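**Student:** Give me the fold of what follows.
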Amino acid sequence: MMLGLALGDTVGAARGKLPARGPLPAGVSTQLACFTAEGVIRAAVRLSHRGICHPPGVVLHAYCRWAALQGIEVERMRRRWAAGSGGMWPDGWLADVPVLAERRGSAPATVTTLSRIEGKDEPTATASRGSHALTRSLPIAVAGDRWAMEAGRFAALTHGDAGAQSATVQGVVLAHHCLTNSPSGRDPQDSSHRLVRSALEAGIAALASSQGAVAVGHEQLLAAFRQAVDQPVNAASLARLAPDATTPSALLGGLYAAAAFPGRAHLRTALEFAAGAPDGSSVACVTGALLGAVHGVGALPTDLVSRHELAWVIDTLARDMVSEIVDSPSGSDHVPGWDPHWRSRYPGW
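**Tutor:** Got it, this is the predicted structure:
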């Protein structure tokens, strides 16, 4: 899922026309998704050792570390956070990754909100419905269905628009179902086409049975899915579903492209098609995450993954998320851990 997200971000930014050789640059959605993944791990560590945790606050801290690396309000960030780190801030291993300190596009709502941070209170979110609310939040899907259903709280850190928050929940829930509806344990006669579409159908059905804001826009999700099945590979349909750089557009366009190209062998084509949307980066980002989640890393184009400049970082984060959730390498207050360095890599705050 994480590598699919990153490839989609990169392919989309290039409008599907990548250079034949050389490193492939990460986009800002990928950078922020890395810090979301790190925040999820650190929140889980805190919960294991302290018994209490406000996960959105831990993820907000992760975005502030990204901002500080980017040179955004560095002194204000230090005043807000450095006292809790013993002076070594930003902490954690991601702070040592040079690419994460490079500007790779704009994230206006995120930057504007983080620039307001002061004291102990969370900053006031903008009214934005921009696509980064969803693209950066997709790693939350790994943490389980309860976290997925609450993904709107993570979007609300910086994006105050209710539609953006609802679409973020929907996208993360779909990604969660793509991760859990894997080929293992299924009928070997099921085609890869059926695997993708059944996973997406399961996610849409789960959203239909939910209450409140999560259910907003369910009919649009269903309509986008049906269009992909009945009228696949239609650029005009993609443009209608995803006309701009908003979160709902990224969700509907990504869902359409993933369902239109569900075959394992067609993942690259799906990303190139998604890149043709008006905001190809966000749509391809969601498309790659959904298809990567179902098909697994082996379906991703090896020539592209091996050239992506954050491939090792993303792979490490993905493996560490799973390790923390299933094995808790640092242990807890009552159970000793097996990795003495885990809490230095992922401090629980």
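**Student:** For stretch 104-122, give me every contacting residue.
**Tutor:** 13, 25-32, 56-57, 60, 63-64, 67, 72-73, 76-77, 79-80, 123-126, 128, 130, 132-133, 136, 157-159, 281 (Cβ atoms under 8 Å, 6 or more residues apart in numbering). All C-beta spots, glycine's among them, are computed from the backbone N, C-alpha and C.
**Student:** Show me how to select, in PyMOL, the buried members of these.
**Tutor:** Applying 16 or more other Cβ atoms under 10 Å to the contacts of stretch 104-122, the buried members can be selected in PyMOL as follows:
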select buried, resi 13+25+26+27+28+29+30+31+32+56+57+60+63+64+67+72+73+76+77+80+123+125+126+128+130+132+133+136+157+158+159+281
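**Student:** Which residue is the nearest non-sequential neighbour of residue 85?
**Tutor:** Counting by Cβ to Cβ, 6 or more residues apart in numbering, the nearest residue to residue 85 once its immediate chain neighbours are dropped is residue 91, at 4.9 Å.
**Student:** Give me the pLDDT value at the one you found.
**Tutor:** According to the prediction, residue 91 has pLDDT 95.
**Student:** Please name the nearest non-neighbouring residue to residue 254.
**Tutor:** In space, and not counting its chain neighbours, residue 254 is closest to residue 286: 2.6 Å by Cβ to Cβ, 6+ apart.
**Student:** do the same with residue 313
**Tutor:** Residue 313's closest residue in space is residue 97 (Cβ to Cβ, 6+ apart), at 5.6 Å.
**Student:** surely that neighbour meets residue 314?
**Tutor:** No: contact criterion Cβ atoms under 8 Å: residue 97 and residue 314 do not qualify, at 10.6 Å.
**Student:** Those two: who's more crowded?
**Tutor:** Between residue 97 and residue 314, counted using other Cβ atoms under 10 Å, the more crowded position is residue 314 (24 against 17).
**Student:** Can you tell me how far that one is from residue 5?
**Tutor:** Residue 314 sits 8 Å away from residue 5, going by Cβ to Cβ, to the nearest Å.
**Student:** Next: residue 203.
**Tutor:** Residue 203 is 16 Å from residue 5, where distance means Cβ to Cβ.
**Student:** Of those two, which one has the most company?
**Tutor:** Using other Cβ under 10 Å as the criterion, residue 203 and residue 5 rank with residue 5 on top: 30 against 27.
**Student:** related to what we said a few turns ago, spell out which residues are contacts of both of residue 314 and residue 5.
**Tutor:** With Cβ under 8 Å, 6+ apart as the test, residue 314 and residue 5 both reach residue 30.
**Student:** now for the strand or helix carrying residue 3, which elements pack on it?
**Tutor:** Assigned by DSSP states H and E, residue 3 belongs to helix 2-13. Contact analysis of helix 2-13 by 3 or more Cβ pairs under 8 Å, 6 or more residues apart in numbering; DSSP states H and E lists helix 28-50, helix 267-274, helix 280-295, helix 302-305, helix 311-327 as its packing neighbours.
**Student:** Put together a markdown table for those helices, with distance to residue 223 on each row.
**Tutor:** Formatted as a markdown table, the helices and strands packed on helix 2-13 follow (distance: least, Cβ to Cβ, whole Å):
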| stretch | distance to residue 223 |
| --- | --- |
| helix 28-50 | 25 |
| helix 267-274 | 18 |
| helix 280-295 | 16 |
| helix 302-305 | 31 |
| helix 311-327 | 32 |
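**Student:** Most tightly packed of the ones you listed?
**Tutor:** helix 280-295 (a mean of 31; mean count of other Cβ atoms under 10 Å).
**Student:** how far off helix 311-327 does it point, in degrees?
**Tutor:** With axes from the mean of the first three to the mean of the last three Cα atoms, to 10 degrees applied, the angle from helix 280-295 to helix 311-327 works out at 50 degrees.
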